[in-house]
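Peer 1: From the sequence below, what's the structure:
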Amino acid sequence: MNAPRHLQFFATPPHPCPYLPEQEAISLFAEPSLMDNRLYSRLALLGFRRSGSHVYRPACAKCQACVPVRIPVADFLPQRRDRRCLSRNADLTSDWVLARFSPEHFQLYSDYLSARHPAGGMDKPTPEHYRQFLMGNWSDTWFLELRLDGHLIAVAVADLLADGLSAVYSFYTPDLDQRGLGNYCILRLIEHTQARGLPYLYLGYWIQDCTKMAYKGRFRPLETLINDSWIALP
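Peer 2: Now for the predicted structure:
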C-alpha cells in the first residue's frame, strides 16, 4: 500500500511524548487542503488517524511503540469480561447521531476531562477546542449517545470510512467507573460496524507499555500494521 503520490506530508518538530515519559515524539501530517473522507479512508489503511481536520501518524526516529490496530469485527466473539460489561449496561439506551456541537455533549466532555486530567492543561476545554478536536470540516463523523434514564452518560465519536468505523474518542460520566463505559463504547461500536456490514473497527494506536492504552490489546482478534501490511496479533 502506498500513499497517494500527489499528497504532501509535513513533519512536526520533536516534542515531549504524551504517552511515554522521557521520549520525544514526531508526527507526520498529511496536507490538509486536499483531504476528504475518501482520501482519509485510504490513509487509514496506512496507519493514519484524524484529529479535527488534520490527518497524522507517528514518525518517531528512535521509537516505534505506537502501533495501529483494528478489529476484524466478523470474527469478534465477546469474552466473559465483555459479556459482563454488556450485561451491566443493558439498561442504557443508545442513539447514533451525526456529529454536531451541543451544550449537553460539551458539558459531559468538560466533566470527563476535569476528572481524568485535573490541572493538566486539558481540564478547562473551550467549545472551540471541542470542535477542533472531535469534528473535521470534511469527515463523516458520528456520535453514539448512551443514556441512563434519559440522561446522557457517554458519547463515542467515530468516523465512517470505506471499510469500517474509526474510533476517535469516547467521553463519559466519571463517577460511573463500575460500568466500564470505555469498554462498553468499543463493544457497541463493534456491533454497529457489524450491522453496517463493514469489516473493521479501527482503534488507533496501541502502546503496549502505556497503561492508558492497555485496554486496546484485550480485544481479539486484533490486527496491527507491520511494514504496510495488516497482520493478526497472536
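
Peer 1: Would you map out the domains in the protein?
Peer 2: The chain breaks down into these domains under automatic domain parsing: 9-66, 74-204.

Peer 1: so which of these gets nearest Met213?
Peer 2: In terms of C-beta to C-beta, the element of the domains of the chain nearest to Met213 is domain 9-66, at 6.9 Å. Just so you know, the C-beta spots here come from the backbone N, C-alpha and C atoms, and that holds for glycine as well.

Peer 1: chain center to the closest one: distance?
Peer 2: 14 Å (C-alpha atoms, centre = their mean, to the nearest Å).

Peer 1: For it, give the mean pLDDT please.
Peer 2: Domain 9-66 carries an average pLDDT of 94.

Peer 1: so how far does that domain reach from one end to the other?
Peer 2: 19 Å (C-alpha to C-alpha, to the nearest Å).

Peer 1: do the same with stretch 220-234
Peer 2: Per C-alpha to C-alpha, stretch 220-234 runs 9 Å from first to last residue.

Peer 1: quick revisit: same list, the domains of the chain, but as TSV with distance to Ala232 please.
Peer 2: Output for the domains of the chain, formatted as TSV (distance: least, C-beta to C-beta, whole Å):
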stretch	distance to Ala232
domain 9-66	16
domain 74-204	9
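
Peer 1: Distance to Pro234 and mean neighbour count for these - can I get that in JSON lines?
Peer 2: Below are the domains of the chain laid out as JSON lines (distance: least, C-beta to C-beta, whole Å; neighbours: other C-beta atoms under 10 Å):
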{"stretch": "domain 9-66", "distance to Pro234": "18", "mean neighbour count": "16"}
{"stretch": "domain 74-204", "distance to Pro234": "14", "mean neighbour count": "16"}
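
Peer 1: So for Ile226, which of those domains sits nearest?
Peer 2: If you check each of the domains of the chain against Ile226 by C-beta to C-beta, domain 9-66 wins as the nearest, at 9.8 Å.

Peer 1: Which elements pack onto the helix-or-strand element of the chain with minimal mean pLDDT?
Peer 2: Here the helix or strand of the chain ranked lowest by mean pLDDT, DSSP states H and E is strand 15-16, holding a mean of 92. Under the contact definition 3 or more C-beta pairs under 8 Å, 6 or more residues apart in numbering; DSSP states H and E, strand 15-16 sits against strand 24-25.

Peer 1: Sweet, I'm off.
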